[in-house]
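Just to be clear, the model below is a prediction. Sequence and coordinates:
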Amino acid sequence: MNILKTPLLLVTLLIVPVLAHAENKPVGISNDLMSATVMHQGTEVDIVRVQNNSNVITQEFSKTSRPCPPFCIQPMIFAPGVETLGELEVIDYLIRKQTGENVLVVDSRTPKWVKKGTIPGAVNVPFTSLTPSQGATTEGIMDIMLNQMGVNLIGDVDEFEVDEAIVSGTVSEVFDYSQAKTLVLFCNGMWCGQSPASMATLLSFGYPADKIKWFRGGMQTWQILGLSTVQ
């Protein structure tokens, strides 16, 4: 009896993994979207979900209890007028950017994190370059706003006049936001304060709240859903 059962057991062990693999089902983004093609640093990249039904999140984003402060849970609404987005809305903005809309998707994390993987089509503008408490200067912030975000100055204004306008609440007299890009900012997750820090600065400089969008879930929920990343 034992001699007969042994080969049957071996055959069963060999068949089960094959069947499990055969039962792997397609993983779309939504009911009517399987993938989205975007440009990332001059190269076409397909945003898809990992097709392996057994895929799990990477260890870096599996941690649930980072020390708070500084890694405290962020509110669902950051500021009045700033829209909070989910993953499908982020993908929609990436597609709209491809079709010529005035959109900039911003990875607010530091470069060491971006090297580990970011959302295809995103541009890295570290929160440190937009946050005065992290060493950012008014001149540096203005440079990013003018050269990457589509903001224009009204007249020949320098950083000292901008500082005065911020203090006096007259930023609308120094910045022209009519051609400013719609920004979609994100960082590591709903516990990450990096994109909120960038948004706080932009709002203080008068950036219109309705042109600022916040992907609160960031890279953690992006990876939980198995969506594509690029280094």
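Looks like it arrived, so ask away.

what stretches of this structure score poorly on pLDDT?
When residues are selected by pLDDT under 70, those of the chain lie in 1-22.

all strands of it, in order?
For the chain, strands defined by DSSP state E occupy the ranges 36-40, 43-47, 83-85, 103-107, 123-124, 152-153, 175-176, 182-186, 212-215.

From what I see, residue 102 and residue 179 are in contact.
Yes - using CB atoms under 8 Å, residue 102 is in contact with residue 179, at 7.2 Å. Any C-beta I mention is one placed from the backbone N, CA and C, and that applies to glycine too.

what's the spacing between the residue nearest in space to the middle of the chain and residue 117?
Of all residues in the chain, the one closest to the mean position by CA atoms, centre = their mean is residue 186, 3.6 Å from it. With distances taken as CB to CB, to the nearest Å, residue 186 is found 13 Å from residue 117.

intersection of neighbour lists for those two?
residue 219 (CB atoms under 8 Å, 6 or more residues apart in numbering).

Please name the nearest non-neighbouring residue to residue 177.
Of all residues not flanking residue 177 in the chain, residue 208 sits nearest, at 5.4 Å (CB to CB, 6 or more residues apart in numbering).

same deal with residue 61?
residue 220 (4.6 Å).

do the same with residue 135
residue 128 (6.5 Å).

Residue 166 too?
Excluding the flanking residues, the one nearest residue 166 by CB to CB, 6+ apart is residue 204, at 6.0 Å.

my guess is the one you found contacts residue 163, does it?
No - Residue 204 is not in contact with residue 163 according to CB under 8 Å; the separation is 10.8 Å.

List of residues touching stretch 77-92?
Counting contacts by CB under 8 Å, 6+ apart, the residues outside stretch 77-92 that touch it are 29-30, 33, 36, 47, 76, 93, 105, 119, 184, 186, 196, 199-200, 203, 208-210, 212-217, 221-222, 225, 227.

and the end-to-end length of it?
20 Å (CA to CA, to the nearest Å).

Pull the distance from it to the chain's centre.
The chain centre lies 11 Å from the centre of stretch 77-92; the measure is CA atoms, centre = their mean, to the nearest Å.

Same check on stretch 122-130?
Relative to its parent chain, stretch 122-130 has a centroid offset of 11 Å by CA atoms, centre = their mean.

Give the buried residues for that stretch.
In terms of neighbour count (16 or more other CB atoms under 10 Å), stretch 122-130 has its buried residues at 122, 125, 126, 127, 128, 129, 130.

and what of stretch 157-167?
Neighbour-count burial for stretch 157-167, counted by 16+ other CB under 10 Å, picks out 161, 162, 165, 166.

anything in contact with each of residue 102 and residue 179?
Going by CB under 8 Å, 6+ apart, residues that sit against residue 102 and also against residue 179 are residue 150.

So for those two, which sits in the more crowded spot?
residue 102 (13 against 10; other CB atoms under 10 Å).

Just give the closest residue to that one, not the sequence neighbours.
Excluding its sequence neighbours, the residue lying closest to residue 102 (CB to CB, 6+ apart) is residue 181, at 4.8 Å.

try residue 134
residue 128 (4.2 Å).

Distance-wise, check the residue nearest to residue 141 when sequence neighbours are not counted relative to residue 205.
Nearest in space to residue 141, with sequence neighbours left out and distances taken as CB to CB, 6+ apart, is residue 130 at 5.7 Å. According to CB to CB, residue 130 and residue 205 sit 9 Å apart.
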